[in-house]
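1. Sequence first, then the predicted structure:
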Amino acid sequence: MYRFSAALVGSVYATLDETSLMQGLKPVQDVSQRNDKSKSIASLMSTATSMLKNGATPDVVEFAQATLTEITSVVLPAITDAHSVDQTLVDHTFAMFEAALVALEQGTQVVKTLSDEERRHSQLHKTCRAEEETVCYTKRECDYDIYAIWRRFIEEETLLRELSGHVETHFCAPDVNGTLQIFRDGAVVLFPPWLEQKPVVETVEVEYGVKHPECETKFITLDEKTATCDAHQTNLENAACTHTHMVNQIREEFSIAWDLAISTYQHVVDEVHCLELDRWKEWRTLSTVQCLLDRTTERNGRPCDETTDEVVEEVTHCEQVQYDTSIDHLRITYYVIPVIPPFCVVTPWDISMSNPGRCVPQVPESPCSPEYFAQEYAELWIPPQPEFWGGVNFEEGNSHCNQRQDCVVCALQPEIETCTYVFDGFGNEDFILPEPEHECHSATRVQISHGIWTDVAPDAATCQIPVGVWHRSDGVLSLHYDGENAFATKSTSAQIWSGSAYCDDESDEIVFTFRGHALTYAMSNNRRTLTYSSGWEYVMA
């Protein structure tokens, strides 16, 4: 805000006596008094009133005209410039919300790209598994066929072995006499069955030899198809994990940016509103000073008639000017913060879907979770399960096919509390937009930096926040703390969260934390407070 120049103040005391216009503005050693503009303006108005009442010398009248010129050409434009600077600050700070929304929209575009990639791998995986089922079926059919050939071979060869045994028993019997007719008659009937059976065994053996390479090829084909499908599954789970990580990153980045925008904007509007109120008061007060100086100049220094109400009428007229003077051009435009964008539609997103735009992406199903299994694997065919060779024969058992590879879990970090705080709307609900009737905020960053709010006496012995109910200064929210957990209540709803208290050794402060925000505990004149970084207070009930 504008401060009167040292040259102006110096010229007053070089020219005027104790009744001068600038009486009360003489610089003193105390820096804070020298910088107290409100007192300076009040003193200026008092002096101007005294000049009108008691009269003034020609030098004082000349100085009054010079002062008027400086007020109109320097002071008032400086106030207007300060207003413009603060309006620009508010505009630029408010732009943080749009920047966060633009970043969110860009983030959802990245999420959409990763979602499309995941959907592509999902389709490749499902198509491959369907093909694997067909390959498995043909391989199993070949297994059953070659097993049937093998069983026939065993049966036919067993019969051949029996016939061979009969021949061997007949010819190799002890004390056998091969010259006897009875021996020859018995030998004649043994060979025809053996001769008939041997080609049968050889035929089945050849059939098995032809079938075996075919089944071996189908076995290799199945292994290759399974390896391809397993690779698609790995790509799918990796894409899903990358998708999930990006969604979490976008959510966290947006919530942090939004929370910072709210906190910064609250700081700015609180401080600007204080300065705005000062400018209104200065402008109106200076309008009265202008009026008094104008009347002093018009009267050419002639004092008011003390026998009449002339001085009362003159002063009353000039005091009314400040109420009639418009300060609309000094009103700061404060913007209502935007609402949190809605949540995006639940994934998986169709590839043909356009970019979802400004919405908060919802966390997709993570690989290996029950929901993910239902989404990706529930409709897939199930490979034959062990025991592969159960039952008394092959037809009652189960031919072999490759088992599905295990799902790989995606390592995820818990979502930060700021996300819940922002997405549940607490950040927007905590924000207070200044209104013309609002008083200046209880503490600004400048006041805090100058140590005005350092008179604190934490409960250092227990290093804990007192148990009880804390009411926010605007009466909207109450914080209930039982020593371990905390929850906030509002007129329309209640929300529960966990809270904890810890000591900041470096600053000897007790800091209460919940939902990613920290409130500093302080006690001054037996008044206990929990204070946000933005300045909002909870007061102990």
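-> Received, thanks.
2. and residue 125, what is it in contact with?
-> 229, 232, 233, 235, 236, 376 (C-beta atoms under 8 Å, 6 or more residues apart in numbering). All C-beta atoms are positioned from the backbone trio N, CA, C, and that covers glycine.
3. Would you mind measuring from it to residue 376?
-> Going from residue 125 to residue 376 by C-beta to C-beta, to the nearest Å gives 7 Å.
4. Common neighbours of those two, please.
-> Contacts common to residue 125 and residue 376, judged by C-beta under 8 Å, 6+ apart, are residue 236.
5. What residues sit buried inside stretch 77-92?
-> 78, 79, 82, 83, 86, 87, 89, 90 (16 or more other C-beta atoms under 10 Å).
6. Same question for stretch 94-104.
-> Buried, per 16+ other C-beta under 10 Å, within stretch 94-104: 94, 96, 97, 100, 101, 104.
7. Kindly report the same for stretch 189-203.
-> For stretch 189-203, by 16+ other C-beta under 10 Å, it's 190, 197, 200, 201.
8. Find me whatever residue is spatially closest to residue 167, sequence neighbours aside.
-> Spatially, and ignoring its direct neighbours in sequence, residue 167 is nearest to residue 190 (5.0 Å; C-beta to C-beta, 6 or more residues apart in numbering).
9. same thing with residue 379?
-> The spatial neighbour of residue 379 that comes closest, neighbours along the chain excluded (C-beta to C-beta, 6+ apart), is residue 126 at 7.6 Å.
10. Wasn't that neighbour part of a helix?
-> Yes: counting by DSSP: H, G, I helix; E, B strand; the rest coil, residue 126 falls inside a helix.
11. Could you pull up the residues touching it?
-> 376, 379, 380.
12. and these, which are buried?
-> Here, 16+ other C-beta under 10 Å leaves 376, 380 buried among these.
13. Next, check the contacts of residue 126 against the helices and list the overlap.
-> Using DSSP state H, residue 376 are the members of the contacts of residue 126 that sit in helices.
14. from the contacts of residue 126, which is closest to residue 211?
-> Closest approach to residue 211 among the contacts of residue 126 (C-beta to C-beta): residue 380, at 30.3 Å.
15. Next one, pLDDT for the residue lying closest to that closest one once chain neighbours are set aside please.
-> Among residues not flanking residue 380 along the chain, residue 129 sits closest, at 4.9 Å (C-beta to C-beta, 6+ apart). Per-residue pLDDT puts residue 129 at 96.
16. Does residue 129 touch residue 230 like I think?
-> No: the criterion here is C-beta atoms under 8 Å, and residue 129 misses it with residue 230 at 10.0 Å.
17. which one of the two has more residues nearby?
-> More neighbours surround residue 129 than the other of residue 129 and residue 230, with 21 against 17 (other C-beta atoms under 10 Å).
18. part of a helix, is the more buried one?
-> Yes: secondary structure of residue 129 (three-state DSSP): part of a helix.
19. Tell me the spacing between it and residue 269.
-> 58 Å.
20. what does residue 87 give?
-> Residue 87 is 11 Å from residue 269, by C-beta to C-beta.
21. any common contacting residues for those two?
-> In contact with both residue 87 and residue 269: no residue, using C-beta under 8 Å, 6+ apart.
22. coming back round to it: for the buried residues of stretch 94-104, which one is nearest residue 156?
-> Using C-beta to C-beta, the buried residues of stretch 94-104 come closest to residue 156 at residue 104, 76.4 Å.
23. so what's that closest one up against?
-> Neighbours of residue 104 in contact, by C-beta under 8 Å, 6+ apart: 250, 254, 341, 358, 359, 360.
24. can you rerun that using 7 Å?
-> Counting by C-beta atoms under 7 Å, 6 or more residues apart in numbering, residue 104 touches 250, 254, 341, 358.
25. Show me how to select, in PyMOL, the buried members of these.
-> Selection of buried members from the contacts of residue 104 for PyMOL, criterion 16+ other C-beta under 10 Å:
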select buried, resi 250+254+341
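26. Among the contacts of residue 104, which are located in helices?
-> Using DSSP H, those in helices are 250, 254.
27. could I get the contacts of residue 104 as a markdown table with pLDDT and distance to residue 309?
-> Shown next, in a markdown table, are the contacts of residue 104 (pLDDT from 0 to 100; distance: C-beta to C-beta, whole Å):
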| residue | pLDDT | distance to residue 309 |
| --- | --- | --- |
| 250 | 95 | 73 |
| 254 | 95 | 67 |
| 341 | 94 | 65 |
| 358 | 91 | 66 |
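28. from the contacts of residue 104, which single one is nearest residue 537?
-> Closest to residue 537, out of all of these and judged by C-beta to C-beta, is residue 254, at 28.1 Å.
29. Looking at the buried residues of stretch 189-203, which is nearest residue 312?
-> Looking across the buried residues of stretch 189-203 and measuring by C-beta to C-beta, the closest to residue 312 is residue 201, at 139.9 Å.
30. Can you classify the closest one as helix, strand or coil?
-> Classified using three-state DSSP, residue 201 is helix.
31. check contacts around it.
-> Contacts of residue 201 (C-beta under 7 Å, 6+ apart): 156, 157, 160.
32. ok, now residue 367?
-> Taking C-beta under 7 Å, 6+ apart as the test, what residue 367 contacts is 237, 240, 241, 407, 408, 409, 410.
33. Cool, thanks, talk later.
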